[in-house]
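Trainee: Here you go, sequence then predicted model.
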Amino acid sequence: MVCLITGSSRGFGRAIALEFGKNGHQVIIHCKDRSRDAQEVASQIKESIVLKADVRDFNEVKSIVDEAIKKYGRIDVLINNAGITKEALLLRTAEKDFDDIIATNLKGPFNFIRAVALYMVKQKEGHIINISSIAGIRGKQGLSAYSASKAGLIGLTLTTAKELGRFNIMVNAVLPGHMLTDMGDSSSDKAKETALRESITGKFSDPENAAKFIVYLSETSGITGQVFNLDSRII
C-alpha cells in the first residue's frame with residue numbers, strides 16, 4: 001500500500017510512518033519545514049519519499065498529492081496526523097492562536113481529504129484515518145481551540161464516511177491518548193498529572209501500540225464512520 005502520513009517527521013506521525021514501513025508499505029513522509037527530521041525517518045523505511053507542504057494551504061497540499069500520485073500512481077491510505085496546540089484559558093486565548101490551531105488541525109485534514117479523495121474515488125478504494133483526541137469529546141480546560149478542532153475533526157470524519165462510503169473509501173477517527181511525544185511532553189505538568197490520574201492503567205499511551213492499531217485498521221475492509229478510543233481514560 002501507498003501511505004501518506006501528515007506531520008510524520010516526528011512524534012506520533014513518525015511512529016506511524018515507521019510502523020507502515022516496517023510492514024513493507026510505501027510511505028510518503030510529510031512535513032512543513034523539518035526536512036532533516038523527515039529525511040531521518042525516511043532513511044529507516046525501505047521505500048519512501050519526503051514531501052513538504054503547509055497543510056493550511058490547499059494549493060500546496062494538492063501539489064504534493066499530485067507529486068505522490070506521479071511517483072506511485074495511487075494513494076491507498078491517508079493519515080491526517082499533523083496538529084498543533086497551545087495551552088491557554090479561553091479568555092486568554094489570542095485570536096491568532098485560535099485561528100492557527102483550527103487551520104492546522106481541522107482545515108488541514110479537510111485540504112488533504114479533498115486532494116486525496118479525488119484519486120481514491122477513481123481507484124474505488126482507500127482508507128482515511130483522522131487523528132483526533134479525547135479532548136474533542138470531553139473538552140479540556142485550557143485547550144478550547146484544540147478541543148474545538150478535534151471535535152470538528154470527528155464531525156468531518158462522520159460526514160466524509162457517509163459521502164465516500166459508496167466509493168469503497170473507509171473513513172475513521174482514532175483517539176490515541178496522551179503520549180509523551182513532543183506535543184504531549186510539552187503540555188503542563190498539571191495536564192500530564194491529570195491524564196495519568198484518569199488513566200485506568202496508570203500509564204500514558206504508547207505511540208508504537210497506537211501505530212500498530214492504525215496499520216491494522218488500514219488493512220481492514222467494511223469498517224467506516226467509527227471513532228476508536230485508544231486512550232485508557234473512559235469517555
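Mentor: Perfect, I can see it now. Here the structure is a predicted model, which means the values were calculated and not measured. Numbering: from 1, shown residues only.
Trainee: Report the mean per-residue pLDDT for the host helix or strand of Ile29.
Mentor: Element membership for Ile29, per DSSP states H and E: strand 26-31. Across strand 26-31, the average pLDDT comes to 98.
Trainee: Mind listing the strands it pairs with, and their directions?
Mentor: According to DSSP bridges, strand 26-31 forms sheet pairs with strand 2-5 (parallel), strand 48-52 (parallel).
Trainee: need the next SSE after it, C-terminal direction.
Mentor: With DSSP H and E, the next secondary element past strand 26-31 is helix 35-42.
Trainee: how big is the angle separating that following helix from strand 48-52?
Mentor: Per axes from the mean of the first three to the mean of the last three C-alpha atoms, to 10 degrees, the angle that helix 35-42 makes with strand 48-52 is 160 degrees.
Trainee: Buried residues, helix 35-42. List them.
Mentor: By neighbour count on 16 or more other C-beta atoms under 10 Å, the buried set for helix 35-42 is 37-38, 41-42. (Glycine included, C-beta is placed from N, CA and C.)
Trainee: Need the pLDDT of the residue nearest to Thr6 when sequence neighbours are not counted.
Mentor: The shortest distance from Thr6 to any non-neighbouring residue, by C-beta to C-beta, 6 or more residues apart in numbering, is to Ala82 (4.0 Å). Listed pLDDT for Ala82 reads 97.
Trainee: Next up, the contacts around Ala82.
Mentor: 6-7, 13, 30, 32, 55, 104-105, 108 (C-beta atoms under 8 Å, 6 or more residues apart in numbering).
Trainee: Please pull out the lowest mean pLDDT helix or strand from this structure.
Mentor: helix 182-185 (a mean of 65; mean pLDDT, DSSP states H and E).
Trainee: Touching the lengthiest helix in the chain from outside, list them.
Mentor: Longest helix of the chain, by residue count under DSSP state H: helix 144-164. When contacts are defined by C-beta under 8 Å, 6+ apart, helix 144-164 is touched by residues 80, 83, 85-86, 88-90, 93, 97-98, 101-102, 104-106, 109-110, 113, 117, 120-121, 128, 130, 132-133, 135-137, 139-140, 170-173, 224-225, 227.
Trainee: now do 7 Å
Mentor: With C-beta atoms under 7 Å, 6 or more residues apart in numbering as the contact definition, helix 144-164 has outside contacts at 85, 90, 93, 97-98, 101-102, 105-106, 109-110, 113, 117, 128, 130, 132-133, 135-136, 139-140, 171-173, 224-225, 227.
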